[in-house]
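Engineer: Take a look and give me a structure for this.
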Amino acid sequence: MKSLLNAVFYLILLMLFPTAYSLADQHPPTRAISAQQFERWMTEVSNWGRWGQDDELGTLNLVTPEKRTQAAALVKAGLTVSLSRTINTVKSVDNPRPLSHTMDETGANANDSATDTYSIHYHGLGHSHLDGLCHMFHKGKMYNGYSQGLVTEMGCAKDSILSIKNGIFTRGVLIDIPWLRGLSELPAGTAIMAEELDLWEKTTGIHIQSGDVLLVRTGRWVIRKRLGALDLTSGMAGLHGSTIHWLKARDIAVIGSDGITDAIPSGIDTELAPLHKLIITSLGTPLLDNLDLDTLTSTAQTLGRWQFLFTANPLAVQGGTGSPINAVAIF
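Structural biologist: Here you go, the predicted model:
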C-alpha cells in the first residue's frame, strides 16, 4: 500500500514538476554528454586551491567541529545500522577479486589463540569501500593539481587515504529514488537527473547542506538477490554526470551509493564513469561505493527519518588509494 501511495504521490508531483522523469518511463535514455562538455564541467566545479595549494582533505574540510556537534545531536534512539555488505569471498561476474581469507592458526593447531590473514582488492563492484582522492586522475593530475606521477609502487605521496585517518563524522542523508518512485529498485541503466534530486527534497522537506554525507539508493541489491550476480558493465543505475553542478551547489562532504554513483552507460563515449573523475578529482570529494542501503531505507521509513549521524573510519594505510569500509548510520 505504501508503494502504491508513493507512486500516486510521485505522479502528482510530476504534474507540478514536469521536468522530472516519468514513472512510466522505466528505461529513460541517458542524456548524451560531449567530451567538450565534460571538460568544461571539470573546470567549472573544481575546488582546487579552495583550501590552499597544499590541501589533501578536499570537501572533508566542510565537516567542521560545529557540523560534527550538530550531527551528534541527531542521535535520538541510539539505533545503529551498518551500511556495508558482508565482504564477499565468492568469485562472480560482479566480484572477480573476492576476499581471500586464510586461517593461520585454528582451534586444532593453536594453543591459546586463533589467527588469520585477509587479502582483498577492494576497488570495483564487489566490496563496500571508500575511494580516496588519489584514486582517480585526469590529464595527468589528481585532486588539487598534484601530478599522478606522485603515485608510485610505494603508494600515493599526496591525497592518500591517510588524510582521512581521523574518520568521517557528520550528518548523513539518504535519498531513496526507488522509494520516491514507488518502486523496489531502479531498472539497470537508469540515469538519475538533478530534477529528481530536487523532487526528493521537495517531497521529504529535507535539504542537503554543506558538510553532509549524501547516500543515494538505487535498489541494486534487490536486483542481485532476485537475479544473482550480473555483468554490470553495460547497465547500472546511478546519477547522471550533469548532477555534478547540483552536488557542487550543495557542498557535500562525501557521496556514496549502493552502486558506484555513476549511471552506466554514462552518456559519454570517452568516460565510463565521468562522475568518478568529476567528484574525486575536481571536487575533491571521497566516494563510497557498493554500500548496502536496504536496511537503512527500511529503518528510515519506519522511523520517518531520512537524516542521521554518519560515521566511517578507513584503515590508516600510508599511501593508500582507499579502504574497505564499514560505515554506520546512527539514529
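Engineer: Am I right that residue 214 falls within a strand?
Structural biologist: Yes - Residue 214 forms part of a strand when assessed by DSSP: H, G, I helix; E, B strand; the rest coil.
Engineer: and it, how far is that from residue 107?
Structural biologist: 45 Å (C-beta to C-beta, to the nearest Å). Every C-beta, even on glycine, is put in place using the N, C-alpha and C of the backbone.
Engineer: Ok, residue 302 next?
Structural biologist: Residue 302 is 40 Å from residue 107, by C-beta to C-beta.
Engineer: how about low-confidence regions in the stretch 1-150 of the chain?
Structural biologist: 1-30 (pLDDT under 70).
Engineer: got the residue ranges for the strands in it?
Structural biologist: 80-82, 100-105, 115-119, 129-131 (DSSP state E, counting those that start in this stretch).
Engineer: re the thing from before, more neighbours, residue 214 and residue 107?
Structural biologist: Higher neighbour count among residue 214 and residue 107: residue 214, with 25 against 8, using other C-beta atoms under 10 Å.
Engineer: so that one makes contact with residue 254?
Structural biologist: Yes - contact criterion C-beta atoms under 8 Å: residue 214 and residue 254 qualify, at 7.4 Å.
Engineer: name the element the most centrally placed residue in the chain belongs to?
Structural biologist: Nearest to the geometric centre of the chain sits residue 256, at 1.3 Å (C-alpha atoms, centre = their mean). Per DSSP states H and E, residue 256 falls inside strand 254-257.
Engineer: Residue 288 pairs with what?
Structural biologist: Beta-bridge pairing of residue 288 under DSSP bridges involves residue 130, residue 256.
Engineer: Next, find the distance separating it from residue 46.
Structural biologist: Applying C-beta to C-beta to residue 288 and residue 46 gives a distance of 21 Å.
Engineer: Check residue 319 too.
Structural biologist: Distance from residue 319 to residue 46, by C-beta to C-beta: 24 Å.
Engineer: Likewise for residue 326?
Structural biologist: Taking C-beta to C-beta, one finds residue 326 at 31 Å from residue 46.
Engineer: repeat for residue 170
Structural biologist: 23 Å.
Engineer: who has more neighbours, those two?
Structural biologist: residue 170 (26 against 18).
Engineer: Okay, now the sheet partners of the strand ranked longest in the chain, with direction.
Structural biologist: Counting by DSSP state E, the longest strand found in the chain is strand 168-176. With DSSP bridges as the test, strand 168-176 is paired with strand 213-217 (parallel), strand 307-312 (antiparallel).
Engineer: next SSE after the last one?
Structural biologist: Meaning strand 307-312. Downstream of strand 307-312 (by DSSP H and E), the next one is strand 322-324.
Engineer: Now do whichever helix or strand comes after that following strand: everything it contacts.
Structural biologist: Using DSSP H and E, the helix or strand that follows strand 322-324 in sequence is strand 328-330. If you take C-beta atoms under 8 Å, 6 or more residues apart in numbering as the criterion, strand 328-330 is touched by 74-75, 78-83, 172, 174, 296, 299, 308-312.
Engineer: For residue 294, give me its contacts.
Structural biologist: Counted by C-beta under 8 Å, 6+ apart, residue 294 has contacts 217, 219, 221, 222, 258.
Engineer: Which pLDDT does the model give the second one?
Structural biologist: The confidence metric pLDDT takes the value 97 at residue 219.
Engineer: Now do the contacts for it.
Structural biologist: Residue 219 touches 178, 183, 184, 185, 186, 237, 258, 294, counting by C-beta under 8 Å, 6+ apart.
Engineer: Just the ones of those in helices?
Structural biologist: 178, 294 (DSSP state H).
Engineer: now the contacts of residue 219: which count as buried?
Structural biologist: Buried by 16 or more other C-beta atoms under 10 Å: 178, 183, 185, 186, 237, 258, 294, out of the contacts of residue 219.
Engineer: just these now: which is nearest residue 57?
Structural biologist: Of all these, residue 258 has the smallest distance to residue 57: 25.7 Å, by C-beta to C-beta.
Engineer: quick one: that closest one and residue 200, what's the gap?
Structural biologist: 16 Å.
Engineer: pLDDT for the contacts of residue 219 - can I get that in CSV?
Structural biologist: Formatted as CSV, these follow (pLDDT from 0 to 100):
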residue, pLDDT
178, 98
183, 96
184, 96
185, 97
186, 97
237, 97
258, 98
294, 98
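Engineer: possible to save the contacts of residue 219 as JSON lines with distance to residue 154?
Structural biologist: Formatted as JSON lines, those follow (distance: C-beta to C-beta, whole Å):
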{"residue": "178", "distance to residue 154": "43"}
{"residue": "183", "distance to residue 154": "47"}
{"residue": "184", "distance to residue 154": "46"}
{"residue": "185", "distance to residue 154": "42"}
{"residue": "186", "distance to residue 154": "41"}
{"residue": "237", "distance to residue 154": "37"}
{"residue": "258", "distance to residue 154": "33"}
{"residue": "294", "distance to residue 154": "39"}
